[in-house]
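Asker: sequence below, structure please.
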Amino acid sequence: MSVMSGADVYYDPYDAGIDADPYPVWKRMRDQTPLYFNERYDFFALSRYEDVESGLLDWKTYRSGRGTVLEIVKENIDIPPGSILFEDPPLHDQHRSLLVRVFTPKKMSALEPLVRDYCARALDPLVGADGFDFVKDLGGPMPMRVIGYLLGIPESDQEAIRERLDAGMRLDEGAADRTGDENFAFVEMFAEYIDWRAKHPSDDLMTELLNAELQEEDGSTRRLTREEVLTYVSLLAGAGNETTTRLIGWTGKVLGEHPDQRRQITEDRLLLTNAIEELLRYEAPSPVQARYVARDVTHHGQTVPEGSVMLLLNGSANRDERKFADADRFDIHRSIGRHLSLGYGLHHCLGAALARLEGRVALDEVLNRFPDWEVDTDRAVQAKTSTVRGWESLPVRTG
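Answerer: Purely as a prediction, here's the structure:
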């Protein structure tokens, strides 16, 4: 294992110091140890774009059914059916096909006026102040509002759900002991809403899930169980929040550090779409994906044995110079092609279009009111988790 771990390369997803700026470590991994092994936590890692992309596609070797978070895979816990992020075919395909039917592009595009309205309500009271917080004032609460619109969860309850989701992902300093039970404990938060909605149907996703029929492998169909609906709802609430919150936080941070490019977007809003893609590439909201290795596999002349855990570092892949020229440079005019921030293959993010819409609208509305800002780095707080990467608080000065 010493060849793979390298003499001067150490990567630890639980190390807050590394997580603050993992890119120098990831670059050394790509250059020196493209197949890396961490003895302390007993995992392998792939960091080059070509390897990560093929790993995300190869679900027969790299399985999600035991979880996609390192500590969950290690625990080998029972995961409720319907958690499509933590499933493999054929079960994954059955459950995802149902969500695709209710999570339609038409429903996503119809949300844009609601997203704009929320941004206006959040940002208008801050006009004339000395600044605001990209996460606490906008990026944190907004995605939960949007998912709440979709699911039919009252706005008065959405912030409490958001806080519970955040608490479930947060790590203590250097800790790697978050349990699977804690990860799934928030599921029960939605039980009361589901029971109420079953008696009071409406035009929302929760009602559609309660009425949806699942096709079994033998061709028969059935309604979802209460437990399955509960799992689906909690999945949408969790996944729909984290990516967008981190994206909006990074939008404030990166464009605060690149005022020339920010001014270009302000002057030409046609640049918004590609700017969001470059933000996703440059700072992946979820940069680490864990997989269980279901069969022996060889990378760079070394065998990874069946039963291992592999981390696919999509955040590193997005900065691989073999794929993207001058990859550490942020450039809103870049011809990106495909980045891996929203997954690839079976587990491409179901809400990718919604995350892009929210990111685009949020930036558009911020620029309408605050064309210039400067990050207050002394008060900014980076979140500590092993799965998503971004800001817990990102105050900026606008005065």
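Asker: what helices and strands are in contact with the helix or strand containing Y193?
Answerer: In the assignment (DSSP states H and E), Y193 maps to helix 191-199. Identification of packing neighbours for helix 191-199 by 3 or more CB pairs under 8 Å, 6 or more residues apart in numbering; DSSP states H and E yields helix 205-211, helix 226-257. Yep, even glycine has a C-beta here, placed from its N, CA and C like the rest.
Asker: between those helices, which gets nearest to P22?
Answerer: helix 226-257 (13.8 Å; CB to CB).
Asker: tally of neighbours for D124?
Answerer: 11 (other CB atoms under 10 Å).
Asker: let me see the contact set for it.
Answerer: R369 (CB atoms under 8 Å, 6 or more residues apart in numbering).
Asker: thinking again about what came up before, save the helices and strands packed on helix 191-199 as CSV, and put in mean pLDDT and distance to P81 too.
Answerer: Converted to CSV, the helices and strands packed on helix 191-199 look like this (pLDDT from 0 to 100; distance: least, CB to CB, whole Å):
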stretch, mean pLDDT, distance to P81
helix 205-211, 86, 14
helix 226-257, 87, 6
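Asker: of all the ones you listed, which one is nearest A129?
Answerer: Using CB to CB, the helices and strands packed on helix 191-199 put helix 226-257 closest to A129, at 15.2 Å.
Asker: next one: the following helix or strand past the closest one to chain centre, how far?
Answerer: Heading C-terminal from helix 226-257, the first helix or strand you meet, by DSSP H and E, is helix 259-267. When distances are taken as CA atoms, centre = their mean, to the nearest Å, helix 259-267 is centred 26 Å away from the chain's centroid.
Asker: after helix 259-267, next one along is what?
Answerer: helix 272-282.
Asker: next, the angle from that next one to helix 226-257.
Answerer: 100 degrees (axes from the mean of the first three to the mean of the last three CA atoms, to 10 degrees).
Asker: hey, where'd the helices end up in the stretch 251-399 of the chain?
Answerer: Ranges of helices within the stretch 251-399 of the chain are 259-267, 272-282, 314-317, 352-369, based on DSSP state H, counting those that start in this stretch.
Asker: any idea how far the helix holding Y193 is from the middle of the chain?
Answerer: 27 Å.
Asker: let me see the mean pLDDT of stretch 385-399.
Answerer: Computed over stretch 385-399, the mean pLDDT rounds to 91.
Asker: residue numbering should commence at 53 henceforth.
Answerer: From this message on, residue numbering opens at 53, which makes the last subject stretch 437-451.
Asker: what about M241, neighbour count?
Answerer: Other residues within reach of M241, judged by other CB under 10 Å, total 18.
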